[in-house]
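Undergrad: I'll drop the sequence and a predicted model, then ask my questions.
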Amino acid sequence: MSAAPVCEKIALAADEFRQQEMQILMLIDLHVHTAVSSPCSQIDPIQLIKVASTTALDAICVTEHEETEGAEVAWRLGTESGFPVLRGIEIYTDLGDVLLFGPARSSYPTRTPFCELLAEVRESGGVLILCHPCRGAHDLFDTMKPETADFLLSNIDAVETRNGGTTPVANGTAEAMAARYGLPGVGGSDAHFLMQLGRCLTIFERDINGEDDLVREIKAGRCRAVSASEIEQNVMPEFRRL
């Protein structure tokens, strides 16, 4: 399946929702990898911008593994073409994978100590998002010591509750876990191939014009995760409480 048909269905549902609610609504894929800095990805950044700009997406976030170079390349291409690209990074820490938005180093070692990263991010004012935490449908309390899981969930800003590479059951487990801690949920495709773009998204009720806006809105909890399949099934009315 190509990326376009999936996002065209999202566009139809989103346009109807915008008309009903008479409010700003942004759809952003918060988790995309390119071949520039993620060897596991087959996505060329030029093609990524070309495809994304023809879909319902209002912006994409490029979040390479442990490096920011790919995000910078995509951001420059997006700036040149007029399509918004937001820069982030996915970091493998000793407590699991997290997405970082906001000021960041150019690269991070694998298994970066979470406590070290947390101190940096709190000082710089960014946000940390726990990504695909429940693959296998187990929440963190099943896979690590309770006190460690509690520490982790008490020190992040959001949970990726819709991940395109994770089963609906596992995403549901992540959503329940986030709810227990009062954390906002976000969605991202975790795309490594163009056909995967837009399969999970984050809905924002306010304009996002850059990383500062993104950080602010996530911290404020003015966001909600949704999958492409949920939109296709006309679940959009559920989001009117945003």
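TA: Thanks, I have it. This structure is a prediction, so every number in the text was calculated from the model and none was measured.

Undergrad: which stretches of the protein form helices?
TA: If you assign secondary structure with DSSP state H, the helices in the chain sit at 3-21, 45-52, 69-81, 114-124, 140-143, 146-153, 168-180, 211-220, 228-232.

Undergrad: Now do the same for Arg124: its pLDDT.
TA: Actually, residue 124 is Ser. It isn't Arg. Per-residue confidence (pLDDT) for Ser124: 97.

Undergrad: Now do it against Leu118, distance only.
TA: Per CB to CB, to the nearest Å, Ser124 is found 11 Å from Leu118. For the C-beta atoms, the positions are set from N, CA and C on the backbone; glycine is no exception.

Undergrad: More neighbours: these two, which one.
TA: Leu118 (18 against 12; other CB atoms under 10 Å).

Undergrad: And for the closest residue to that one other than its chain neighbours, the neighbour number?
TA: Nearest residue to Leu118, sequence neighbours excluded (CB to CB, 6 or more residues apart in numbering): Asn155, at 5.6 Å. Each residue near Asn155 was counted by other CB under 10 Å, and the total is 15.

Undergrad: So what does Asn155 have for phi and psi?
TA: When quoted as degrees, to the nearest 10, the phi and psi of Asn155 stand at phi -130, psi 20.

Undergrad: in the chain, which residue is closest to the centre?
TA: By CA atoms, centre = their mean, the chain has its centre lying nearest to Leu30, at 2.7 Å.

Undergrad: Count the neighbours of Arg122 for me.
TA: Neighbour tally, Arg122, other CB under 10 Å: 11.

Undergrad: From Val62, how far off is it?
TA: 24 Å.

Undergrad: Check Ser227 too.
TA: 20 Å.

Undergrad: higher neighbour count, the two?
TA: Val62 (33 against 22).

Undergrad: That one and Arg76 touch, don't they?
TA: No. Between Val62 and Arg76 no contact is recorded; they are 11.0 Å apart, counting by CB atoms under 8 Å.

Undergrad: how much does the top strand by length along the chain deviate in direction from helix 114-124?
TA: In the chain, taking DSSP state E as the definition, the longest strand is strand 85-93. Going by axes from the mean of the first three to the mean of the last three CA atoms, to 10 degrees, strand 85-93 is angled at 150 degrees with respect to helix 114-124.

Undergrad: in strand 85-93, what's buried?
TA: For strand 85-93, the neighbour count (16 or more other CB atoms under 10 Å) marks Val85, Leu86, Arg87, Gly88, Ile89, Glu90, Ile91, Thr93 as buried.

Undergrad: now do stretch 152-169
TA: Here stretch 152-169 shows 152-153, 156-166 as buried, counting by 16+ other CB under 10 Å.

Undergrad: Correct me if wrong: Arg222 contacts Asp207.
TA: No. Using CB under 8 Å, Arg222 is not in contact with Asp207; the gap is 11.1 Å.
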